[in-house]
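Visitor: quick one: sequence and predicted model below, then my questions.
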Amino acid sequence: MTLNEIKAQDPDGMYEAIRTFPDQFSVGRTAAASPALPESEFASVVICGMGGSAIGGELLCSLVAPASSTPFFVNRSYDLPAFVDDRALVIISSYSGNTEETLSAFDEAEKRGATIIGLTSGGKVQERCENAGYPVVVMPGGMQPRAALGYSFAALVTIAERLAFIKSQEEAWEEAIALLHDLAEQEANPDRSSGYELAESLWDLTPLIYTGNGLLRPVGTRWCGQIQENAKRLAFGNRLPELNHNEIMGWEERSAIHRQIGIVMLHDSGDHAAVRRRTEVTKELLHDRAAKWIDVHSQGRSPLARMLSIIHLGDWFSFYLAMLHGVDPTPVKLISRLKETLATTV
């Protein structure tokens, strides 16, 4: 596939959005460095968001879990959990600024007296934060929320650094951005792209994304979401060791449906030793039951670099999968129709 063929099939520029993913981080960090943040000791941190606006929060939770004694939680719902009170920090993450569920959670956070920080490109979230005097980090607009992950994730990590939930990630950012620029240069060329090769291997299969339960757990969620939204293909996922206690039994009785599934196992050097052993045994048991088992490894030294390297590969994989299926990766027509229908019904 040539770049001219890709551009013809990608009129809204998802290719360019993925290619410039490494450039988003400095912008997101700069935006989050400006607003004055509240000085307080919080009992919990809750990131409210949906879809592409929530995944940055999931990644942050995974990143801070080994380092922060403060619990972090991602809320993908209209309601807030009961533990959210006036000792909680609630980050309202909505790229459009108008996400129905997130605005509902915003209302609830205000009622409970929680400390609020907004993260958005505009809309009602920016307006309400500015009117109420809440700090708000404003990102560049005009993109699909999933394509703006670099902005939102960098902003969230910067907020966590500024509030001392994690130590400075400056060296990790330098490593991650350098690595991502190298990966982007490689992956942007289909002839040299591991993502394109992976898409060719799985183009007629349903991807099943497995990870360990550590750093890459939310990365599996990101891979599934990108496949679903960019390639318009179903994708599913699970994690070890949990799947060894239930899902593995779904493979016991051999079935024709198994031959329609391609397992992608995402590995990280920080995976627990017991999880690595379980992965080996699980592969031995399942590799000849699924149509394919493909191992993918993160790159880099720091957790931040390893996480972002494998996210970037997943984004390219989903994009090239769309290309191979003749699909425009940007529009999300069913989501748009769903929102339109909900807006006209009570």
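Guide: Noted; the coordinates are in hand.
Visitor: need the contact partners of the helix or strand harbouring residue 224.
Guide: Element membership of residue 224 [criterion: DSSP states H and E] is helix 217-230. With contact meaning CB atoms under 8 Å, 6 or more residues apart in numbering, helix 217-230 is reached by 14, 51-52, 55, 58-59, 61-62, 144, 146, 149, 207, 209-211, 233-239, 264, 266, 307, 310-311, 314-315, 317-319, 321-322, 327, 329, 332. Any C-beta I mention is one placed from the backbone N, CA and C, and that applies to glycine too.
Visitor: output it in CSV with nothing but the alpha carbons.
Guide: The C-alpha trace of helix 217-230 is given here as CSV (Å, rounded to 0.1, in the frame of the first residue of the first chain):
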residue,chain,number,x,y,z
ARG,A,217,-3.5,-3.5,31.6
PRO,A,218,-5.0,-0.3,30.3
VAL,A,219,-2.9,-0.5,27.1
GLY,A,220,-4.9,-3.6,26.2
THR,A,221,-8.1,-1.5,26.6
ARG,A,222,-6.5,1.1,24.3
TRP,A,223,-5.7,-1.5,21.6
CYS,A,224,-9.3,-2.8,21.7
GLY,A,225,-10.8,0.7,21.5
GLN,A,226,-8.5,1.7,18.6
ILE,A,227,-9.4,-1.4,16.6
GLN,A,228,-13.1,-0.8,17.2
GLU,A,229,-13.1,2.9,16.3
ASN,A,230,-10.4,3.1,13.6
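Visitor: neighbouring strands of the helix or strand following it in the sheet, and parallel or not?
Guide: Past helix 217-230, further along toward the C-terminus, the next helix or strand under DSSP H and E is strand 236-240. Next to strand 236-240 in the sheet, as set by DSSP bridges, lie strand 206-212 (parallel).
Visitor: just how off-centre is the partner strand within its chain?
Guide: Put simply, strand 206-212 sits 15 Å off its chain's centre (CA atoms, centre = their mean, to the nearest Å).
Visitor: now do it against helix 217-230, angle only.
Guide: Using axes from the mean of the first three to the mean of the last three CA atoms, to 10 degrees, the inter-axis angle of strand 206-212 relative to helix 217-230 is 160 degrees.
Visitor: for residue 47, which three-state class applies?
Guide: State at residue 47, reduced to three classes by DSSP: H, G, I helix; E, B strand; the rest coil: strand.
Visitor: and it, how far from residue 156?
Guide: Look at residue 47 and residue 156: by CB to CB, to the nearest Å, they are 7 Å apart.
Visitor: with residue 241 instead?
Guide: The separation that residue 241 has from residue 156, given CB to CB, amounts to 28 Å.
Visitor: what of residue 97?
Guide: Applying CB to CB to residue 97 and residue 156 gives a distance of 16 Å.
Visitor: tell me which of these two has more neighbours.
Guide: Per other CB atoms under 10 Å, whichever of residue 97 and residue 156 has more neighbours is residue 156, with 28 against 25.
Visitor: what about the nearest residue to residue 233 once chain neighbours are set aside, neighbour count?
Guide: In space, and not counting its chain neighbours, residue 233 is closest to residue 227: 5.4 Å by CB to CB, 6 or more residues apart in numbering. Burial of residue 227 is recorded as 27 neighbouring residues (other CB under 10 Å).
Visitor: mind pulling up the pLDDT for residue 227?
Guide: As predicted, residue 227 sits at a pLDDT of 98.
Visitor: residue 114 too?
Guide: The model reports residue 114 with a pLDDT of 98.
Visitor: got the contact list for it?
Guide: Contacts of residue 114 by CB under 8 Å, 6+ apart are 46, 84, 85, 86, 88, 89, 90.
Visitor: and the contacts of helix 217-230, which are buried?
Guide: When the contacts of helix 217-230 are checked for burial by 16 or more other CB atoms under 10 Å, the buried set is 14, 51-52, 55, 58-59, 61-62, 144, 146, 149, 207, 209-211, 233, 235, 237, 239, 264, 266, 307, 310-311, 314-315, 317-319, 321-322, 327, 329, 332.
Visitor: flag the shaky bits of the stretch 51-200 of the chain, pLDDT-wise.
Guide: For the stretch 51-200 of the chain, applying pLDDT under 70 flags no range at all.
Visitor: quick one, helices of it?
Guide: For the stretch 51-200 of the chain, helices defined by DSSP state H, counting those that start in this stretch occupy the ranges 55-64, 100-111, 123-132, 149-162, 170-187, 194-202.
Visitor: domain assignment for this protein?
Guide: 35-168, 192-324 (automatic domain parsing).
Visitor: name the residues that touch stretch 317-333?
Guide: Stretch 317-333 has contacts (CB under 8 Å, 6+ apart) with 1, 5-6, 9-15, 18, 144, 190, 193, 195-196, 198-200, 202-203, 223, 226-227, 229-233.
Visitor: stretch 94-101 now?
Guide: 49-50, 52-53, 76-78, 102-103, 119-127, 139, 141, 143, 145, 148, 152, 342.
Visitor: please redo it, this time with the cut-off set to 6 Å
Guide: 50, 53, 78, 102, 120-126, 145, 148 (CB atoms under 6 Å, 6 or more residues apart in numbering).
Visitor: neighbours of residue 2, how many?
Guide: 9.
Visitor: in which helix or strand does residue 337 reside?
Guide: Residue 337 belongs to helix 333-343, assigned by DSSP H and E.
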